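Using only what follows, build the 3D model:
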Amino acid sequence: MSRAKGNTAEDIACQFLADNGFGIIERNFYSRFGEIDIIASKESVLHFVEVKSGLDYESAVLNITKSKLSKIIKTAHVYMKKSSLDVDFVFDALIVVDKKIEFIENITL
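Numbers count the residues shown, from 1 in each chain. Below is the predicted model:
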């Protein structure tokens with residue numbers, strides 16, 4: 001997927017999150033381990049959100065691999081330490097296919 005398509009999917013995801021009561025804290029946080037697409041907050045819980053898009057739901061969601069999730073978790077810990085945060089947090093995914101959105105909360109593998 002091109003960076004432009006990725007940015008479009010992230011824009012759609014941010015709008016979805018804002019419409020559903022989330023505050024967007026940061027986009028595209030990088031560490032030496034990887035990237036977190038969106039960091040958001042709702043009801044005192046920090047949400048590390050991976051945005052995936054594709055031609056169909058299955059191909060998009062299958063791109064969230066064990067390796068990718070491990071990188072997100074390590075990067076989240078870097079963010080928490082760098083920001084001196086000690087709050088509840090979860091890892092979520094937002095799947096964007098043809099501007100349809102599926103929000104998957106608290107992902108694990």
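
S70 sits in which helix or strand?
For S70, the host element (DSSP states H and E) is helix 66-82.

and the closest residue to V61 other than its chain neighbours, how many neighbours?
Computed as CB to CB, 6 or more residues apart in numbering, the closest residue to V61 that is not its neighbour in sequence is I95, at 5.6 Å. Every C-beta, even on glycine, is put in place using the N, C-alpha and C of the backbone. Using other CB atoms under 10 Å, I95 has 24 other residues around it.

Let me know the pLDDT of I95.
pLDDT, I95: 96.

Can I take it that it is in a strand?
Yes - assigned with DSSP: H, G, I helix; E, B strand; the rest coil, I95 falls within a strand.

tell me the strands in the protein, going along the chain?
23-30, 35-42, 45-53, 88-97, 100-104 (DSSP state E).

Out of those, which is closest to K74?
Among those, strand 35-42 comes nearest to K74, with 10.2 Å by CB to CB.

circling back to that earlier point, for the helix holding S70, name the packing helices and strands.
Under the contact criterion of 3 or more CB pairs under 8 Å, 6 or more residues apart in numbering; DSSP states H and E, helix 66-82 touches strand 23-30, strand 35-42, strand 45-53, strand 88-97.

So what touches it?
By CB atoms under 8 Å, 6 or more residues apart in numbering, the list of residues contacting helix 66-82 from outside reads 29-36, 39, 46, 48, 50, 85-86, 89, 91, 107-109.

Show me the beta-bridge partners of S53.
V96 (DSSP bridges).

list the contacts for the most centrally placed residue in the chain?
By CA atoms, centre = their mean, the chain has its centre lying nearest to V49, at 1.7 Å. By CB under 8 Å, 6+ apart, the contact set of V49 is 13, 17, 36-40, 91-94.

With the flanking residues excluded, which residue is spatially nearest to it?
Closest to V49 by CB to CB, 6+ apart is I38, at 4.1 Å.

swap in L94?
Nearest to L94 is A13, by CB to CB, 6+ apart, at 4.3 Å.
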